[in-house]
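Colleague: following is a predicted model, sequence given first.
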Amino acid sequence: MVVAEFKNVNYKYPLTDEYALKEINFQFEEGKFYGLIGENGGGKTTLCNLIRGLIPHFYNGELEGSAKVFGTDIKEHNVEELAVKIGYVFQNPFNQMSGIKSTVFEEVAMGLENLGVEKNEIIRKVEDVLELLGIEDLMTKNPNELSGGQRQRVAFASIIVMDNDMLVIDEPTSQLDPQGTENVFEIIRKLKQAGKTIILVEHKIDLIAEYCDEIIVMEKGQIVCSGETKDILSRMELLDYGALIPQVAVWGHEMGGAGMPLPEIPITVEQAVRLVRERGRMTDGN
Ligand SMILES: Nc1ncnc2c1ncn2[C@@H]1O[C@H](COP(=O)(O)OP(=O)(O)OP(=O)(O)O)[C@@H](O)[C@H]1O
């Protein structure tokens, strides 16, 4: 099922002459995990703002073409209603904590309470989500006294508990160390397993390669290429668009250039190891 569909979409922010989005034609499908990559200022956050309805309801500007989310024109949507369907994870999960609740349970329950969800259902949902993230032992702790990693998981829990159909996650690891980054990706992987549609803006290309189903590459407001992760991230021309490709893919191309081509271009270390073994077997057999 298509959850968001854009046809010939152009957009300019107010008081600007340049298009921040140009000729966007794309369909997002339910349950897929999309990695949105590309140069700084390429239009990734702007596309996310459009999906969330902040364009055109918060940022006015000039919007042309057809932009539909959950089958309804974005101009007809109510942003508050969309926020219930589309969860948004901030660049820094630490900013997501309310700072006003005295236990982790209350912090995670807050969004459901605001929606008027019945008390027993809130308890059940919060317990489930804390268990999913492996932080049920923090339930009665004060969120302001947690470690960085614990806070981060609690911040994610308060988004996940809302059970949004779709999640837009904009550079969630930009402030985090490698361990924190791995934790975030593990949580996102669990969300994908739970069938959510996920749109992730992220510069850490090795993690994108490992986790995403599809890649969208943006440059100067345009989608310059899109498709299955393995197909897109093995292309050297991504570098011309100001996007990155995994180091192992560069190495795979170099192997070909040095007269030792691999059966295919790897995009993860695991694939590279497998391909080298296969190549070894082929060479041994000759
Ligand atoms: N609120 C705004 N008002 C005017 N122009 C904006 C606004 N936000 C972004 N832009 C412009 O729109 C273009 C696309 O920016 P956007 O933030 O969507 O890119 P991005 O790919 O997310 O970049 P980054 O990787 O740096 O976050 C840029 O030229 C940017 O300067």
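Modeller: In hand now; what should we look at? Numbers count the residues shown, from 1 in each chain.

Colleague: need the residues of the stretch 101-250 of the chain near the ligand, please.
Modeller: Residues of the stretch 101-250 of the chain lying close to the ligand by CB under 6 Å from any ligand atom are Met218. (Each C-beta comes from the backbone N, C-alpha and C, glycine too.)

Colleague: could you check which residue of the stretch 101-250 of the chain lies nearest the ligand?
Modeller: Met218 (5.9 Å; CB to the nearest ligand atom).

Colleague: go ahead and confirm Phe6 touches Ser66.
Modeller: Yes. Applying CB atoms under 8 Å, one finds Phe6 in contact with Ser66, separated by 7.1 Å.

Colleague: compare those two (neighbour count), which wins?
Modeller: Between Phe6 and Ser66, counted using other CB atoms under 10 Å, Phe6 has the larger neighbour count: 22 against 13.

Colleague: just give the nearest non-adjacent residue to that one, would you?
Modeller: Ranked by CB to CB, 6 or more residues apart in numbering and with sequence neighbours excluded, the top spatial neighbour of Phe6 is Ile24, at 4.6 Å.

Colleague: so the one you found lies in a strand, does it not?
Modeller: Yes. Assessed by DSSP: H, G, I helix; E, B strand; the rest coil, Ile24 belongs to a strand.

Colleague: contact partners for it?
Modeller: Applying CB atoms under 8 Å, 6 or more residues apart in numbering to Ile24 gives the contacts 6, 8-10, 47, 65, 222-223.

Colleague: buried subset of those residues, written for PyMOL?
Modeller: Typed into PyMOL, the next command selects the buried ones out of the contacts of Ile24 (criterion: 16 or more other CB atoms under 10 Å):
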select buried, resi 6+9+47+222+223
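
Colleague: and of the contacts of Ile24, the nearest to Gly134?
Modeller: Sorting these by distance to Gly134 puts Leu47 at the head of the list, at 32.4 Å, by CB to CB.

Colleague: my read: the closest one touches Gly221, true?
Modeller: No. The criterion here is CB under 8 Å, and Leu47 misses it with Gly221 at 9.0 Å.

Colleague: shared neighbours, those two?
Modeller: Taking CB under 8 Å, 6+ apart as the contact criterion, the common neighbours of Leu47 and Gly221 are Leu21.

Colleague: returning to that earlier point: Provide the secondary structure category for the residue of the stretch 101-250 of the chain closest to the ligand.
Modeller: State at Met218, reduced to three classes by three-state DSSP: strand.

Colleague: what's the neighbour count on it?
Modeller: 28.

Colleague: okay, the residue positioned nearest the centre of the chain: pLDDT?
Modeller: Among the residues of the chain, Leu200 comes closest to the average C-alpha position under CA atoms, centre = their mean, at 1.3 Å. Per-residue confidence for Leu200 comes out at a pLDDT of 94.

Colleague: which strand or helix spans it?
Modeller: When elements are assigned from DSSP states H and E, Leu200 belongs to strand 197-201.

Colleague: do the same with Arg277
Modeller: Arg277 belongs to helix 269-285 when elements are defined using DSSP H and E.
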